[in-house]
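**Q** coordinates for the following, if possible.
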Amino acid sequence: MVALQYLLVFADVHHDFRIPELQSVAELHGFSLNFPERQEDRDPSRPYMVVGLQKEEHALILARRCILVKSVYDFYGQGSNYDEVHACTRANEAKWARFVPETSFRFIVTAHNHKIPQSRQRAVVESFAYMDLLGKIDMKHPQILFGCFEEYSNRNGVIRAKHEGDGHFRQVYFGRLLEEGSARQLVGKFDVKKRAFYGNTSMEAEISLLMANQTLAAPGKLIYDPFMGTGSMAYTTSHFGALVFGSDIDGRQMRGKDATPGIIQAARQYGTESRILDLCTFDVTRNPWRCGTLFDAIVTDPPYGVRAGAKRLGRKKELSEEQMKTMLEFRNSSRADDQPYIPPTKPYELSHLAVDLVLLARHLLKPGGRLVFFLPTVTDEYEELDVQSMLCDGMEVIANSLQDFGSWGRRLVTVRKAIDIEYPRPSFEHHDSTKETTHIPAHKDFREKYFQGFKKDEETPNT
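**A** The predicted structure is shown next:
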């Protein structure tokens, strides 16, 4: 079956996340998606992309589920000049001929990185006169809308006249609007500023929605967040119909100060509290799971030390015999009910946490299940091997998208369980060995590097 072509108009944010999101939504709904053959045409940093789909229904799904898609158009033509666009549009007459007799219509002519003067906008519209559209021109409520999109190179920081370079575009596209991207409205709905406050959170709504799409969240899916915190991922994944279980070593973040846990209060605001199955407090390295292959996805934003560092049960230093004796006496002594024993914790180094997280996912995920998590990296030190080195047998990276903050960034890594084998429960004790590793990832000791301003250690001259 020959693929039908559709023009995607992207929101001008998170360029590196666009293609993984399209692929995930297509996989979730069981259809194939063909990207342009030329590498430059499938460059995710460009604002427009022509893709091939089997049905118009699939294009509508992308518009309704993809957070980064502003609109989807039935593709009529493209070119480096308008003569090429008109030639393509004439060749695709079968797509628009049915609208000629009585359909009301409207044209829009717009550009990326440029403002087109109104006089040339009119000239562009009039250049399509050969279509002989007989319907009424309706600027407010047309039955169909034709869009013409000019793509200009990024000229930020260059001082120029208002319409300088007008007409010198890189590419121009033409098509008929199928549907505006309705999923982008969710960014406002899940805006952190509008959420019931019970604890600090740093996960913006748009990113948490993108993470939810990477998990393939849908009704009937069971998703786990092992570093739940204030639950940013729980709200978006449950919005798409998934059931969510969350845990954290610090239960105060999940509970808040009221009788009803803060996560449940916030989920109630979105109408998804019934999909939050339960919240538990435990160290993920000493978890209560007694069997694997439980979850369809694991999604989390591990604490990496900018606001709060990760912790695990244990002591920074071993106790002396006298200290151990005192501790045991205290533990075994009777206490009031409102004075529970609080176990000691120690820092959980990020590179160790990342490796453990992949091991845990291999144990808990169903075959084909996904682990979706953020990994902070130092821009000048990052290598692809940083991500590959934390994998284990049976796990493969299928997406790695960068959110760039300059000297550092965080990567949204999507790992899939690619093998149908039930693995034993990991012990998480392998980091205690003194064995030297051959590769030191850029995210190792990230907290220290962050607060040092990512300054490289000065080399000591040889003496």
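**Q** ramachandran coordinates for residue 206?
**A** phi -60, psi -40 (degrees, to the nearest 10).
**Q** for burial, what's the neighbour tally of it?
**A** 21 (other CB atoms under 10 Å). C-beta here means a position set from N, CA and C on the backbone, and glycine is covered the same way.
**Q** SS state for the residue lying closest to it once chain neighbours are set aside?
**A** Nearest residue to residue 206, sequence neighbours excluded (CB to CB, 6 or more residues apart in numbering): residue 187, at 4.9 Å. Put simply, residue 187 is helix when judged by DSSP: H, G, I helix; E, B strand; the rest coil.
**Q** ok, residue 187 to residue 73 distance?
**A** 22 Å (CB to CB, to the nearest Å).
**Q** then residue 25?
**A** Residue 25 is 18 Å from residue 73, by CB to CB.
**Q** the stretch 251-400 of the chain: strands as residue ranges?
**A** Here the stretch 251-400 of the chain has its strands, by DSSP state E, counting those that start in this stretch, at 276-281, 295-300, 311-313, 345-347, 365-378, 395-404.
**Q** run through who's touching the third one.
**A** To tie it back to what came earlier, the one meant is strand 311-313. Applying CB atoms under 8 Å, 6 or more residues apart in numbering, the external contacts of strand 311-313 come out as 249, 250, 283, 284, 285, 286, 343, 344, 345, 346, 347, 348.
**Q** again, only using 7 Å
**A** With CB atoms under 7 Å, 6 or more residues apart in numbering as the test, strand 311-313 has contacts from 249, 283, 285, 286, 343, 345, 346, 347, 348.
**Q** also the longest one?
**A** For strand 365-378, the external contacting residues (CB under 7 Å, 6+ apart) are 211, 214-216, 293, 295-302, 304, 354, 357-358, 361, 386, 408-417, 419-420, 442-443, 446, 449, 454.
**Q** of the residues you listed, keep whichever come out buried.
**A** By neighbour count, with 16 or more other CB atoms under 10 Å, the contacts of strand 365-378 hold 211, 214-216, 293, 295-302, 304, 354, 357-358, 361, 386, 408-417, 442-443, 446, 449, 454 as buried.
**Q** any low-confidence regions in the chain?
**A** 1-2, 157-160, 198-199, 201-202, 305-309, 319, 334-341, 430-437, 456-463 (pLDDT under 70).
**Q** show me where it has its helices.
**A** Under the criterion DSSP state H, helices of the chain are mapped to 18-28, 56-65, 82-91, 93-96, 118-126, 185-189, 205-214, 232-239, 251-255, 262-269, 321-332, 350-364, 384-388, 446-451.
**Q** show me how far the longest one is from its chain's centre.
**A** On the basis of CA atoms, centre = their mean, to the nearest Å, the separation between the geometric centre of helix 350-364 and that of its chain is 19 Å.
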